[in-house]
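Participant: Predicted structure and sequence below. I'll ask about it afterward.
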Amino acid sequence: MAVTIYNTLSRSKEEFKPGAPPLVTFYVCGPTVYDYIHIGNARVFIVFDVIRRYLEYRGYEVKFIQNYTDIDDKMIKRANEQGIKVSELADRFIKAFEEDVAALHVRPADINPKATEHIPQIIELVERLLQNGYAYISEGDVYYDTAKFPEYGRLTKQKQDELLAGARVEPGEKKRSPLDFVLWKQKKEGEPAWESPWGEGRPGWHIECSAMSMHYMNDILDIHAGGTDLIFPHHENEIAQTWGAEKRPLARYWMHAGYLNIEEQKMSKSLGNVLTVRNLLEEHNPLDLRFLILSAHYRSPLNFNAELVVQSRAGRLRLQEMLVNLLAVFDEAGQSSGEQEQKLRSDLEETKNRFVEAMDDDFNTADAIGVLFDLARNCNIYLKEAHPYNSQLLDEVIQFFRQVNDILDIADISVPESLDKEIAEMITRRDQARAEKDFATADQIRDELQSRGIILEDTPHGTRWKRK
RNA sequence: GGCGACAUAGCCAAGUGGUAAGGCAGAGGACUGCAAAUCCUCCAUCCCCGGUUCGAAUCCGGGUGUCGCCUCCA
């Protein structure tokens, strides 16, 4: 059995064969740091975070790179609007990005290269493209000559003439073809600029990813990923650049995460429906957002609204509760083994297999989560019917779930914080009242606690509590 | 105009030739002092029309609808 990945390049699922296993080089296009990230951005980062973790679970050593685009038109425009330097803007939103993404339990990349810190590598790449005849200088700008690269359009599945048919031609173009794209932009007044063989200027958007991935990986990337909208022109251009310089592909597998829509519509500033992670986290648990995103396949479009978050929360808590319940009875478990144990053990084995099968199949998290629900039910049945429990078996289930949670990161299994003394006393008082069949008092205390966000559960093993 | 994706129950969502996973919501039941949690039961023939096949949600053709890319965009 092997991991299978849907490769945008071939539009089909392929067996995953990295160039130098167990190493996997994985580059995800990162944010342009001119604003807070929105939930659509978050989908991409969450999805590839999980894929990265799963590959590690499967024994690969993943080298994970995610860039920061800290110089481009949007950056300059925004910095000017705010009357600050581009670098200040970048610093501010890189920090915000790191905070938001950490809140969503997305693990930091191994390397976060910034475009502005790789100007020499970018210049060198542009020079090589010029030397190799894949680029030309036009009035101080340097452009990629797409006509020189017959493969241009392969990722997009369009021929050059088809792309040309839809291309927008602007007056005063300095390009030979509308498909050509800028590698180096001549400085305009008030813009940050760097010295180059072509005068002062700055890099075009697409060149940084090629330059930095080549600089840090120095070989074909195993996986290059991003949002669907990066297929054209961004990734198409990256492929062209790397080929022009190295005569080799940029990456083996191209992965693209589907859109996240708001009320069936794409998020956009003009529609005013952009939901930032920052705002959403004020109202929602980050794990609920994660769970919702992972409950659909990463390539499918995913609709998003607050109701869906609430709906998926209920399901997520079901899984979380299962684990909490297992942990709660673990200390009292013994050695018993019988039919119930056999049943659960075989359920567990089946679950493990099905989970890996689902994830191996192009990271089908939706299917994988479905498998976990089946395990949850079987565990609950065991907890209800077996008694006394088998501690080793419980441990195996707990370990499995912890492993899964290390990949998906959807359950909060941190040890509950100790209760306030006052609340603990209230629970004790209620237990006494219940023992004396003074249910009016007991219910009053329960209501009081509920208004403070504490839910009580009376189990055969005593009263448990949890936060709402 | 070119290219592409998708259409599965009230909602979310797997399944890509062998007779519809799972979750949420809902109904009934068990458990409970009552709850909560949990368990049991119930709840779809897969947008439409043709075709291929012993057999199709799954393949092919034709519709309809939604969305996306072709311009910055995750």
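Facilitator: Nice, thanks for sending it over.

Participant: Which parts of the stretch 351-468 of chain A are helices?
Facilitator: Per DSSP state H, counting those that start in this stretch, the stretch 351-468 of chain A carries helices over the ranges A:365-385, A:391-408, A:421-435, A:439-451.

Participant: and the residue of chain A found nearest RNA strand B, how many neighbours?
Facilitator: Going by C-beta to the nearest atom of the strand, RNA strand B is nearest to A:Gly227 of chain A, at 1.3 Å. The way it works is simple: take the backbone N, C-alpha and C, and place the C-beta from them, glycine included. A count of neighbours around A:Gly227, defined by other C-beta atoms under 10 Å, yields 20.

Participant: Roughly how far does it sit from A:Ser312?
Facilitator: 21 Å (C-beta to C-beta, to the nearest Å).

Participant: do the same with A:Gln342
Facilitator: Taken as C-beta to C-beta, the span from A:Gln342 to A:Ser312 is 33 Å.

Participant: Same question for A:Thr146.
Facilitator: The value you get for A:Thr146 to A:Ser312, if C-beta to C-beta is used, is 44 Å.

Participant: Compare neighbour counts for those two and give me the winner.
Facilitator: Neighbours were counted for A:Thr146 and for A:Ser312 using other C-beta under 10 Å; A:Thr146 has more, 25 against 21.

Participant: Hmm, the more buried one is touching A:Leu179, no?
Facilitator: Yes. Look at A:Thr146 against A:Leu179 with C-beta atoms under 8 Å: they come within range, at 4.3 Å.

Participant: near RNA strand B, which residues of the stretch 1-150 of chain A?
Facilitator: Neighbours of RNA strand B within the stretch 1-150 of chain A, by C-beta under 7 Å from any atom of the strand: A:Arg11, A:Cys29, A:Pro31, A:Thr32, A:His38, A:Gly40, A:Asn41, A:Arg43, A:Val44, A:Asp72, A:Asp73, A:Lys74.

Participant: Among these, filter down to the buried ones and hand me the ChimeraX syntax, if you would.
Facilitator: Buried residues within those, by 16 or more other C-beta atoms under 10 Å, are selected in ChimeraX with:
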select /A:29,31,32,38,40,41,43,44,72
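
Participant: Out of the residues of the stretch 1-150 of chain A next to RNA strand B, which sit inside helices?
Facilitator: Residues of these located in helices (DSSP state H): A:Gly40, A:Asn41, A:Arg43, A:Val44, A:Asp73, A:Lys74.

Participant: out of the residues you listed, who's nearest A:Phe400?
Facilitator: When these are ranked by distance to A:Phe400 (C-beta to C-beta), A:Arg43 comes first, at 26.8 Å.

Participant: so how far is A:Leu89 from that closest one?
Facilitator: Between A:Arg43 and A:Leu89 the computed distance is 24 Å (C-beta to C-beta).

Participant: Backbone dihedrals for the residue of chain A closest to RNA strand B, please?
Facilitator: Main-chain dihedrals, A:Gly227, degrees, to the nearest 10: phi -80, psi 160.

Participant: And the pLDDT for it?
Facilitator: pLDDT recorded at A:Gly227 is 92.

Participant: Would you mind confirming that it is in contact with A:Ala42?
Facilitator: No. Between A:Gly227 and A:Ala42 there is no contact under C-beta under 8 Å: 11.0 Å.

Participant: The residue lying closest to A:Phe439 once chain neighbours are set aside: how many residues sit nearby?
Facilitator: Nearest non-adjacent residue to A:Phe439, counting by C-beta to C-beta, 6 or more residues apart in numbering: A:Ala433, 7.4 Å away. Residues near A:Ala433, counting by other C-beta under 10 Å, number 18.

Participant: What residues does A:Ala433 make contact with?
Facilitator: A:Phe439, A:Thr441, A:Ala442, A:Ile445 (C-beta atoms under 8 Å, 6 or more residues apart in numbering).

Participant: Just the buried ones from those?
Facilitator: A:Ala442, A:Ile445.

Participant: Kindly reformat the contacts of A:Ala433 as JSON lines containing distance to A:Arg290 and pLDDT.
Facilitator: Shown next, in JSON lines, are the contacts of A:Ala433 (distance: C-beta to C-beta, whole Å; pLDDT from 0 to 100):
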{"residue": "A:Phe439", "distance to A:Arg290": "40", "pLDDT": "90"}
{"residue": "A:Thr441", "distance to A:Arg290": "41", "pLDDT": "90"}
{"residue": "A:Ala442", "distance to A:Arg290": "37", "pLDDT": "90"}
{"residue": "A:Ile445", "distance to A:Arg290": "35", "pLDDT": "91"}
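
Participant: Find residues that contact each of A:Thr146 and A:Leu179.
Facilitator: Contacts common to A:Thr146 and A:Leu179, judged by C-beta under 8 Å, 6+ apart, are A:Tyr152, A:Gln160.

Participant: circling back to that earlier point, from the contacts of A:Ala433, which is closest to A:Ile65?
Facilitator: Taking these together and measuring to A:Ile65 by C-beta to C-beta, the closest member is A:Ile445, at 54.3 Å.

Participant: my guess is A:Glu162 meets A:Tyr152, correct?
Facilitator: No. With contact defined as C-beta under 8 Å, A:Glu162 does not count as touching A:Tyr152 (11.3 Å).
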